[in-house]
Each structure stands twice: as C-alpha cells, then as structure tokens.
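> Give me coordinates for this.
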Amino acid sequence: MQPFRQRLPRTPADLVIRYGAENHGSLETCGCPHRPRGALSRWAGYAAAADAAAPAPSVRVHAGYWLADAMDYAGQPRLDAEEMDRWAMRGLSAASFDALNVSAHDVAGLVRVPPEPTLPLVSANVSGPGIRRWVIVERGGQRVGITGISGPAATMADTSAYPMVPPAQAAPVLAELVAQADVVVLLSWNANEAVRGLLKAVPGIDVVIDAGLYT
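Alright, predicted model coming up:
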C-alpha cells in the first residue's frame with residue numbers, strides 16, 4: 001500500500017524474481033472497484049521501474065493460465081476468446097518474460113491460436129508445439145533454470161496435440177534441470193500436492209511459485 005519507492009528492496013539482491021499469473025487472456029485489470037490491481041501494462045511498467053530504481057539481476061516469469069479458453073453453448077471456441085489470446089501473446093512477448101508456464105487452460109488456447117515464436121513456453125509435464133522442457137538464463141553470473149508444471153483443468157477443447165502427464169511424473173525432468181542450473185525455479189499451476197512430492201523427490205529446487213484459482 002506504500003508509495004512505489006517504499007516497496008523497493010532495502011538491501012542489494014543476488015536475484016529478483018518478478019512473477020505473475022492468471023491473466024485469462026486479458027490485458028486489463030481484474031475489474032475490482034477499489035484500487036484495481038493487475039493489467040499487463042501495469043505489471044510491465046512496475047517491473048521496468050523497479051529494475052531502474054533498484055538494479056539487480058532479475059527474471060520475469062508467469063505461473064500459468066495466461067490465455068482464455070472460453071467456449072460457446074455449442075461447445076465451440078468463442079471467437080472473442082481467440083482474438084483475446086492473439087493480443088495476450090503479443091503483450092506477453094512485449095513484456096519480455098523469461099518463462100511462461102503452460103497450464104491446462106493455456107493448452108486449450110494454444111490449440112486454436114499457435115504460439116508466438118518469441119514466447120518462452122516451458123513445461124515439465126505438458127509437451128507440444130513451441131513448448132520447451134525448461135529455459136536456462138544467465139543472470140548475475142548465475143545459471144537460472146526455470147520450468148513449470150500444471151494440474152488438470154476442465155475444458156471441452158481437443159487438446160490431443162498437447163499431451164499432458166500427471167505433474168507428479170515431472171521428477172526426471174526436474175532432476176535434469178537441477179544438474180545444469182545454479183538456481184532452479186519451479187512454476188506451478190493448480191498442482192500444489194504434486195509440488196510437495198516433487199520437492200521431496202528432487203532436492204535442489206530453490207523456489208516454487210504456486211498459482212491456481214487466484215491463490
């Protein structure tokens with residue numbers, strides 16, 4: 001609630017992680033009547049201002065559900081949702097994210113709108129066109145490895161082009177990433193229980209960003 005400069009880090013940071021989640025294909029705020037939060041442009045503006053005011057190695061990540069997957073009463077994708085997704089991808093690309101976790105809802109959107117090639121899509125349990133198992137970026141002399149997992153979601157779309165295994169089966173992928181990175185960030189959407197098991201199975205996961213249903 002304080003002014004911007006009072007919310008900046010007080011001490012130098014080795015790594016700053018700026019994260020978001022659950023845009024649902026929208027570039028706007030959530031619509032809250034008082035002090036509305038969100039909006040991709042606000043997020044990007046805040047990140048840029050913080051980087052300038054308190055320089056530190058940083059990454060920008062999204063924990064999932066960044067596309068819309070709305071269907072009409074006939075079970076067909078809504079045309080407005082497709083247009084929203086096209087603009088969401090352009091906005092996310094312009095915001096210079098280092099990694100976007102692919103949630104089960106995002107898969108339904110990707111079926112209709114092919115991903116922008118500039119988007120760094122990651123998942124350890126979802127595979128398909130444009131999705132990498134992880135990304136590794138250099139920040140402040142550190143190799144920061146980033147991947148994600150997704151739990152299931154109810155959707156009427158045919159997502160067979162993007163097969164998904166249970167998130168608990170992502171341990172081998174995470175173990176490979178841990179062996180190659182100095183810092184490992186796991187993005188999770190609606191997979192809280194799977195995360196708990198993966199943390200026990202794969203020592204070396206440093207940070208978990210857990211999202212799902214606005215939590």
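
> Only C-alpha atoms from now on, for both contacts and neighbour counts.
Will do.

> in this structure, which spans are helices?
With DSSP state H as the criterion, the chain has helices at 40-53, 79-94, 104-112, 171-180, 192-201.

> Show me what the shortest one is packed up against.
Which is helix 104-112. Packing contacts for helix 104-112, counted by 3 or more C-alpha pairs under 8 Å, 6 or more residues apart in numbering; DSSP states H and E, involve helix 79-94.

> who touches the helix it packs on?
With C-alpha atoms under 8 Å, 6 or more residues apart in numbering as the test, helix 79-94 has contacts from 25-27, 40, 66-70, 109, 112-113, 115-116, 118-119.

> Could you pick out the buried ones from the residues you listed?
25-27, 40, 66-70, 109, 112-113, 115, 119 (16 or more other C-alpha atoms under 10 Å).

> which among those residues gets closest to P167?
W66 (18.7 Å; C-alpha to C-alpha).

> Hmm, D106 and that closest one touching each other?
Yes: taking contacts as C-alpha atoms under 8 Å, W66 lies within contact range of D106: 6.4 Å.

> Which parts of this protein are strands?
For the chain, the strands defined by DSSP state E cover 16-20, 58-62, 99-101, 121-122, 131-132, 135-139, 142-150, 183-189, 207-211.

> Can you list the strands that the third one pairs with?
For strand 99-101, the paired strands and their directions (DSSP bridges) are strand 58-62 (parallel), strand 121-122 (parallel).

> cool, the first one as well?
Within its sheet, and counting by DSSP bridges, strand 16-20 is paired with strand 58-62 (parallel).

> Not counting its own residues, what contacts the partner strand?
For strand 58-62, contacts defined as C-alpha under 8 Å, 6+ apart pick out 15-21, 51, 96-101, 139, 187.

> tell me which of those residues is nearest to Q180?
Nearest to Q180 among those is R139, at 14.5 Å by C-alpha to C-alpha.

> L15 versus the closest one, what's the distance?
As for R139, its distance to L15 is 8 Å (criterion: C-alpha to C-alpha, to the nearest Å).

> got it, and S41?
23 Å.

> now do C30
Distance, C30 to L15, by C-alpha to C-alpha: 29 Å.

> quick one on the thing from earlier: mind picking the lowest-pLDDT entry from the buried ones among the contacts of helix 79-94?
pLDDT across the buried ones among the contacts of helix 79-94 is lowest for A70, at 75.

> In contact with that residue, which residues?
Residues near A70 by C-alpha under 8 Å, 6+ apart: P77, R78, A81.

> ok, and the closest non-adjacent residue to the second one?
By the measure of C-alpha to C-alpha, 6 or more residues apart in numbering, the closest residue to R78 outside its immediate chain neighbours is M71, 5.1 Å from it.

> H105 is in contact with that neighbour, correct?
No: using C-alpha under 8 Å as the test, M71 is too far from H105 to be in contact (11.7 Å).

> For stretch 65-77, measure first residue to last.
16 Å.

> Could you check the pLDDT of the residue nearest to R78?
Looking at M71, its pLDDT is 72.

> Could you export stretch 47-63 as PDB, keeping only the C-alpha atoms?
Taking Å, rounded to 0.1, in the frame of the first residue of the first chain, the C-alpha atoms of stretch 47-63 are listed here in PDB:
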ATOM      1  CA  ALA A  47       8.900  -4.300 -13.400                       C
ATOM      2  CA  ALA A  48      10.800  -1.700 -15.600                       C
ATOM      3  CA  ALA A  49      10.600   1.000 -12.900                       C
ATOM      4  CA  ALA A  50      11.800  -1.400 -10.200                       C
ATOM      5  CA  ASP A  51      14.700  -2.500 -12.400                       C
ATOM      6  CA  ALA A  52      15.700   1.100 -13.000                       C
ATOM      7  CA  ALA A  53      15.300   2.200  -9.400                       C
ATOM      8  CA  ALA A  54      17.000  -0.800  -7.700                       C
ATOM      9  CA  PRO A  55      19.200  -2.500 -10.300                       C
ATOM     10  CA  ALA A  56      19.700  -6.200  -9.600                       C
ATOM     11  CA  PRO A  57      19.800  -9.500 -11.600                       C
ATOM     12  CA  SER A  58      16.200 -10.400 -12.300                       C
ATOM     13  CA  VAL A  59      13.900 -12.700 -14.200                       C
ATOM     14  CA  ARG A  60      10.300 -12.300 -15.300                       C
ATOM     15  CA  VAL A  61       8.100 -15.400 -15.100                       C
ATOM     16  CA  HIS A  62       4.400 -16.300 -15.400                       C
ATOM     17  CA  ALA A  63       3.000 -19.200 -13.400                       C
END
